[in-house]
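Trainee: Here you go, sequence then predicted model.
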Amino acid sequence: MSGKTPILEARNLTKHFPVKRGIFAKTLGVVRAVDSVNFSISPGQTLGLVGESGCGKTTTAKLVLRLEEPTGGALHFEGQEIGGLGGNDLKQYRRAVQAVFQDPFASLNPRMRVDAIISEPLITHERLPAAEVAKRVRSVIDLVGLPERAASRFPHEFSGGQRQRIAIARSLTLSPKLVVLDEPVSALDVSIRAQILNLLRDLQAQLGLSYLFIAHDLAAVAHMSHTIAVMYLGQIVEIGDAATVATRPRHPYTQALFAAALPSHPSEQRDELVLAGEVPSPLNPPAACRFHPRCPHVMARCSSEEPVLREHDSRRVACHLYSAPA
Amino acid sequence: MSAPPLLELRNLSTHYVSAGGTRVVRAVDEVSLSLEAGSTLGIVGESGSGKSTLALTILRLLPPAAQITGGEILFEGEDLRAKSDVEMRRIRGKRIAMILQDPMASLNPLFTVGDQVAEPLRVHEGVGRAGAWSRAKDLLKSVRISAPESRVGEYPHQMSGGMRQRIVGAIAISCAPRLLIADEPTTSLDLTIQAQYLNLLRDLQRQHALALIFITHNLGIVAKMCDQVAVMYAGRLVEWGPVTRIFDAPAHPYTQALLGSIPRMGDTRARLTAIEGQPPDLAAPPSGCAFHPRCPQAMSQCREEAPPEAGLAPRHTVRCWLSMPAPAKSAVK
């Protein structure tokens, strides 16, 4: 929300997956995985994306990484639309946007040594003398707090937390501007999570990185993010300043989600706001407001008219509770 | 507290022995604690701290490489270690039930949900086919499955993760056990479904005066659900006590660090208090107190000798040399 050009901006970003069956691949319907989503990430800032499984968080991350092509809308990177990029420009984009995934046991090749894992992006993107490559590898290994001797070892010699450090080091070798963090700590032990979250924050301060941070743990998202976007069935229902959204949620779904978050102290009293039912299928989402069948404040309008994101109480929220009837 | 506790563990140890007896992993090492009927205990610890092995030890469901090497498991006053396999089979599922982490792995995909919920009733209580089937419907209703009449004939793959875990809950309570052990019951569930499930477990606990043991790495679940908490580190119980007391004034440096390392809502700290280092390798644990290489307050004594268990208050024990200098207190337990 600053005056500067955002690093990344999504405008009506949409991804529909057709569902096909039979030998003639008849299209039976579409899964609206991501449906007209708008957000922006400023330089050096973190956007936290929260929501339950199937809400479209990971599809959004894949669209940002251009592992999936959007079926509608566009992504702009530093003001330039990335949909039309090809050849060298696309290569530049891929350098500038890197990713760290959930499971460091799956994301590192067990047959490569750590220095080969970390230097692979350098070798595919740049032509550098071997001595220069080794120097860059040493500097990122140092940056993520691994000992120098780690370079000649294999991933299986490391614990989960250290492997995640290797994955982070690999994402940093090309000096990216944006790093997509998809559940970076959920596979790690509790005592290690704080180490990695601290490391990510230090790296952001040191290198001016922007993060797209996706996680289930709401307290961790609130801790890491400048802005939080809450997704439900492919749409953003509430987006705004992290502290504002986390402490005073307005959308009934955000309220239920944060009420369902576990307390950090036994004496902490929460409003018991337990949602009935489960998330409906994205193949056949409810009409108008997608949350209305589970919403405790549902009104007649909610099943006939789709709410749009509107400014309310210093954040944007898509709910009829906060907009006068037309 | 004149009545004996429902479950009491006294110096319980379970070791994994491999390579012809040359490699010994002390997965559970001299654990003592007790649990009253109807109350809830949380066992927390990192992976490899021995919390799941402790649960399997109570039920005597250990793999062949593991041996209970010492101690007692007193359940309703009887030592479960002295029971024969046949007697244990009558206890499991009937008086002590268990819920595992992944409901898809604990349900049989080839049998209907009704068959699986009815099975313990038929086995333990000798209920006939029709009777067990109608009790199964009531059980499904009690775990808030909508339309139990039609759901009872369906298969696990036709249900969502949250529903499957509720079915597992229905199986667990089918024979009205006194103790229910839940090993990470909600890790595979979404946040709002997790909240539903935890509330369901709490309601079932109140209705049936169940004692619950939650095995988890999530301190939030402990804060929400438990009366007591037992913190395990490298096979040892490093601290055990009432949940509010431990959250307010943790005595062991590991408990303190664990509580400081979790991000909290509305917390403005720029950095979390991280626990440096890695969890220990149980095959080659550090000398003395296993936490000393990561402990910010480690002393030379900690490297040499493992601290004994000290009682800080009735039903609050800790294993740390820092809590030792009060010999008068530690004598009373």
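Mentor: Received it, and whenever you're ready, just let me know what you need.
Trainee: Tell me how far the residue of the stretch 201-326 of chain A found nearest chain B lies from B:Q165.
Mentor: Here the stretch 201-326 of chain A gets closest to chain B at one residue, A:L262, 2.5 Å apart by C-beta to the nearest C-beta. In short, each C-beta sits where N, CA and C put it, glycine included. Counting by C-beta to C-beta, to the nearest Å, the gap from A:L262 to B:Q165 is 17 Å.
Trainee: who has more neighbours, the two?
Mentor: Using other C-beta atoms under 10 Å in any protein chain shown, the more surrounded residue of A:L262 and B:Q165 is B:Q165, with 29 against 24.
Trainee: dump the residue contacts of the closest residue to B:G288 other than its chain neighbours.
Mentor: Spatial nearest neighbour of B:G288, excluding adjacent residues (C-beta to C-beta, 6 or more residues apart in numbering or on different chains): B:R303 at 4.7 Å. Residues near B:R303 by C-beta atoms under 8 Å, 6 or more residues apart in numbering or on different chains: B:P286, B:S287, B:G288, B:C289, B:H292.
Trainee: How about B:H217?
Mentor: Per C-beta under 8 Å, 6+ apart, neighbours of B:H217: A:D189, A:V190, B:V44, B:G45, B:E46, B:S47, B:E184.
Trainee: ok, and the most crowded of these?
Mentor: Neighbour-wise, the contacts of B:H217 (other C-beta under 10 Å) top out at B:G45, 28 neighbours.
Trainee: A strand includes B:A230, no?
Mentor: Yes - the assignment for B:A230 by DSSP: H, G, I helix; E, B strand; the rest coil puts it in a strand.
Trainee: returning to what we had before: the residue of the stretch 201-326 of chain A closest to chain B reaches B:I221, doesn't it?
Mentor: Yes - in this structure, A:L262 is within contact of B:I221 by C-beta atoms under 8 Å, at 5.9 Å.
Trainee: Next one: the residue of the stretch 201-326 of chain A closest to chain B, what pLDDT does it get?
Mentor: Looking at A:L262, its pLDDT reads 84.
Trainee: List the contacts of it.
Mentor: B:N218, B:G220, B:I221, B:A223, B:K224 are the contacts of A:L262 under C-beta under 8 Å, 6+ apart.
Trainee: Please confirm that it is located within a helix.
Mentor: No - judged by three-state DSSP, A:L262 forms no part of a helix; its state is coil.
Trainee: quick one, phi/psi of it?
Mentor: phi -80, psi 150 (degrees, to the nearest 10).
Trainee: Need the pLDDT of the closest residue to it other than its chain neighbours.
Mentor: With C-beta to C-beta, 6+ apart as the criterion, A:L262 has its nearest non-adjacent residue at 2.5 Å, and that residue is B:G220. If you check B:G220, the pLDDT there is 90.
Trainee: B:G220 against A:A260, yeah?
Mentor: No - taking contacts as C-beta under 8 Å, B:G220 lies outside contact range of A:A260: 10.5 Å.
Trainee: For these two, indicate the residue with more neighbours.
Mentor: Taking other C-beta under 10 Å, B:G220 and A:A260 do not tie; A:A260 has more neighbours (23 against 20).
Trainee: Distance-wise, check the more buried one relative to A:T247.
Mentor: 16 Å.
Trainee: you'd agree the residue nearest to B:G288 is in a helix?
Mentor: Yes - applying three-state DSSP, one finds B:R303 inside a helix.
Trainee: Give me the mean pLDDT for the longest helix that chain B contains.
Mentor: Longest helix in chain B by number of residues, with DSSP state H as the criterion: helix B:191-208. On average, the pLDDT along helix B:191-208 is 89.
Trainee: For chain A, what's its nearest residue on chain B.
Mentor: B:G220 (2.5 Å).
Trainee: Now do the contacts for that residue.
Mentor: Contacts of B:G220 (C-beta under 8 Å, 6+ apart): A:A261, A:L262, A:P263, A:S264, B:I262.
Trainee: out of those residues, who's nearest B:Y155?
Mentor: Within the contacts of B:G220, proximity to B:Y155 (C-beta to C-beta) peaks at A:L262, which comes in at 31.9 Å.
Trainee: Where do the strands of the chain begin and end?
Mentor: Unless you meant another one, I'm taking chain A. A:8-21, A:26-41, A:46-50, A:72-77, A:80-81, A:97-100, A:178-182, A:210-214, A:227-232, A:235-241, A:310-312, A:315-317 (DSSP state E).
Trainee: actually chain B
Mentor: B:7-18, B:23-35, B:40-44, B:66-75, B:78-79, B:96-99, B:179-183, B:211-216, B:228-233, B:236-242, B:310-313, B:316-318.
Trainee: helices or strands up against the longest one?
Mentor: Under the contact criterion of 3 or more C-beta pairs under 8 Å, 6 or more residues apart in numbering or on different chains; DSSP states H and E, the helices and strands touching strand B:23-35 comprise strand B:7-18, helix B:51-59, strand B:66-75, strand B:228-233, strand B:236-242.
Trainee: Dump the ones you listed to a markdown table, plus distance to B:P307.
Mentor: Output for the helices and strands packed on strand B:23-35, formatted as a markdown table (distance: least, C-beta to C-beta, whole Å):
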| stretch | distance to B:P307 |
| --- | --- |
| strand B:7-18 | 15 |
| helix B:51-59 | 20 |
| strand B:66-75 | 19 |
| strand B:228-233 | 12 |
| strand B:236-242 | 9 |
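Trainee: so where is the chain shaky, pLDDT-wise?
Mentor: Just going to use chain A. A:1-3, A:269-272, A:325-326 (pLDDT under 70).
Trainee: nope, chain B
Mentor: B:1-2, B:266, B:325-333.
Trainee: residue closest to the middle of it?
Mentor: Nearest to the geometric centre of chain B sits B:I215, at 3.3 Å (C-alpha atoms, centre = their mean).
Trainee: and it, what is it in contact with?
Mentor: B:I43, B:K51, B:S52, B:L54, B:A55, B:I181, B:A182, B:D183, B:E184.
Trainee: which one is the fourth one nearest to, not counting chain neighbours?
Mentor: Take B:L54 and drop its neighbours on the chain: the residue closest to it by C-beta to C-beta, 6+ apart is B:V28, 5.1 Å away.
Trainee: In chain A, which residue is most central in space?
Mentor: Nearest to chain A centroid, counting by C-alpha atoms, centre = their mean: A:I214, 3.5 Å.
Trainee: Let me know whether that residue touches A:L181 as I believe.
Mentor: Yes - at 6.6 Å, A:I214 counts as touching A:L181 under the criterion of C-beta under 8 Å.
Trainee: ok, for A:S323, nearest residue in space, not its chain neighbours?
Mentor: A:S323's closest residue in space is A:R310 (C-beta to C-beta, 6+ apart), at 5.6 Å.
Trainee: just B:T187 next, same as before
Mentor: B:T187 sits nearest to B:Q101 (C-beta to C-beta, 6+ apart), 5.6 Å away.
Trainee: do B:L6 as well
Mentor: Nearest one to B:L6, counting by C-beta to C-beta, 6+ apart, is B:A37 at 4.4 Å.
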